[in-house]
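Undergrad: One predicted model, sequence on top.
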Amino acid sequence: MKQIPASELIINSDGSIFHLHLQPDDLLETDTVILVGDPSRVQMIARHFDKIDVEKANREFISKIGRIGNKRFMVLSTGIGIGNIDIAMTELDALVNIDFTSRCIKSEHRALQIVRMGTSGALHADIPLGSMVMSDISAGFDGLLNFYDGRNAVCMTELEEAFIEHTKWSALLPKPYFVPASKSLTELFADGVIHGITASAPGFYAPQGRVLRLALHDADFLRKIESFNYKGQRIMNFEMEGSAIAGLSLLLGHRAVTLCTIIANRHIKSMNTDYKPAVEKMIELCINNLILR
């Protein structure tokens, strides 16, 4: 089998993966991973654990692995943005599907169950602050998946083409991609959440249609996003990580979904900066559903 060079699979002197500082044995019996952006949210989730077995930290990548009853969970913070998701997803997969001693891909594939819990801004007046949006489909405006072979095999190309036509998508921007979430995971959240398409942007300001001092390349950008409708499916909200999680999960053979608490409404221009109670509600819903699975 082909060995992966040291410059590609970077293993630290203690046997841990380069960025996450986790070792393969840390993830034994751990198939459910909860991803959050904010490192402080790791402790909000870990306080639900009956026992914590592993704690690691490097830069914005904070991880805790523990148990609730007989089930083992991992929670990992990624910081903000698509680039960090490329690192986190690739290194999580390497930890379970690459032999660090031989530097070869294992013959038996191991699939992870990955749930992202984030905060987000809604794009329609009928989506209230404090509600939760489940991303049945993730739309990536970041271009990350376009760098990987097999991109078209996991993308919803008809939806993609309809979106490009509707928005008259500029050739200056990365080509958008649309990826479905894991059906088995979205079915866990049939009640209590709003389902739809979530857009992931490569930035917080202009890529999400915000204007401070710099004008947008397309002044009509946000209206085009809001008005898009494909077979009854609307783009419900903006965030910054879900598309890469969904796309890389499909390419790597994992199951993933994104659930976001709405803390802003772009259409009616409202914002809730005291959103911790709503996030706590999302955490409880997510953990309860995952335990029952």
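TA: Nice, thanks for sending it over.

Undergrad: which SSE is Q43 in?
TA: helix 40-46 (DSSP states H and E).

Undergrad: which helices and strands does that helix pack with?
TA: Under the contact criterion of 3 or more C-beta pairs under 8 Å, 6 or more residues apart in numbering; DSSP states H and E, helix 40-46 touches strand 32-36, strand 61-68, strand 71-77, helix 276-292. Using the backbone N, CA and C atoms, a C-beta is placed for each residue, glycine as well.

Undergrad: average pLDDT for that helix?
TA: Averaged over helix 40-46, pLDDT sits at 96.

Undergrad: Pull the residues that contact it.
TA: If you take C-beta atoms under 8 Å, 6 or more residues apart in numbering as the criterion, helix 40-46 is touched by 34, 36, 52, 62-64, 66, 75-77, 117, 279-280, 283, 287.

Undergrad: same check, this time on stretch 79-86
TA: Here stretch 79-86 makes contact (C-beta under 8 Å, 6+ apart) with 37, 39, 59-61, 78, 140, 142, 144, 200, 202, 204, 240-241, 243-245, 248.

Undergrad: Show me where this protein has its strands.
TA: Counting by DSSP state E, the chain has strands at residues 32-36, 51-58, 61-68, 71-77, 98-99, 104-105, 113-122, 132-140, 177-180, 194-200, 229-230, 233-239, 255-265, 270-271.

Undergrad: Now render these as a markdown table, adding mean pLDDT and mean neighbour count.
TA: Supplementary listing: these in a markdown table, determined by pLDDT from 0 to 100; neighbours: other C-beta atoms under 10 Å:
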| stretch | mean pLDDT | mean neighbour count |
| --- | --- | --- |
| strand 32-36 | 97 | 23 |
| strand 51-58 | 97 | 14 |
| strand 61-68 | 97 | 21 |
| strand 71-77 | 96 | 22 |
| strand 98-99 | 98 | 17 |
| strand 104-105 | 98 | 14 |
| strand 113-122 | 96 | 25 |
| strand 132-140 | 97 | 25 |
| strand 177-180 | 98 | 25 |
| strand 194-200 | 97 | 24 |
| strand 229-230 | 96 | 14 |
| strand 233-239 | 97 | 23 |
| strand 255-265 | 96 | 24 |
| strand 270-271 | 93 | 13 |
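
Undergrad: Can I get these in JSON lines including distance to F221?
TA: Converted to JSON lines, these look like this (distance: least, C-beta to C-beta, whole Å):
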{"stretch": "strand 32-36", "distance to F221": "28"}
{"stretch": "strand 51-58", "distance to F221": "36"}
{"stretch": "strand 61-68", "distance to F221": "32"}
{"stretch": "strand 71-77", "distance to F221": "30"}
{"stretch": "strand 98-99", "distance to F221": "40"}
{"stretch": "strand 104-105", "distance to F221": "41"}
{"stretch": "strand 113-122", "distance to F221": "14"}
{"stretch": "strand 132-140", "distance to F221": "14"}
{"stretch": "strand 177-180", "distance to F221": "18"}
{"stretch": "strand 194-200", "distance to F221": "11"}
{"stretch": "strand 229-230", "distance to F221": "17"}
{"stretch": "strand 233-239", "distance to F221": "11"}
{"stretch": "strand 255-265", "distance to F221": "17"}
{"stretch": "strand 270-271", "distance to F221": "20"}
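
Undergrad: F18: which of these is closest?
TA: Across the strands of the chain, F18 has its closest neighbour in strand 51-58 (8.8 Å, C-beta to C-beta).

Undergrad: for the closest one, packing partners?
TA: Identification of packing neighbours for strand 51-58 by 3+ C-beta pairs under 8 Å, 6+ apart yields strand 61-68.

Undergrad: helices and strands around the strand it packs on, which ones?
TA: The criterion is 3+ C-beta pairs under 8 Å, 6+ apart, and the helices and strands that strand 61-68 contacts are helix 40-46, strand 51-58, strand 71-77, helix 82-97.
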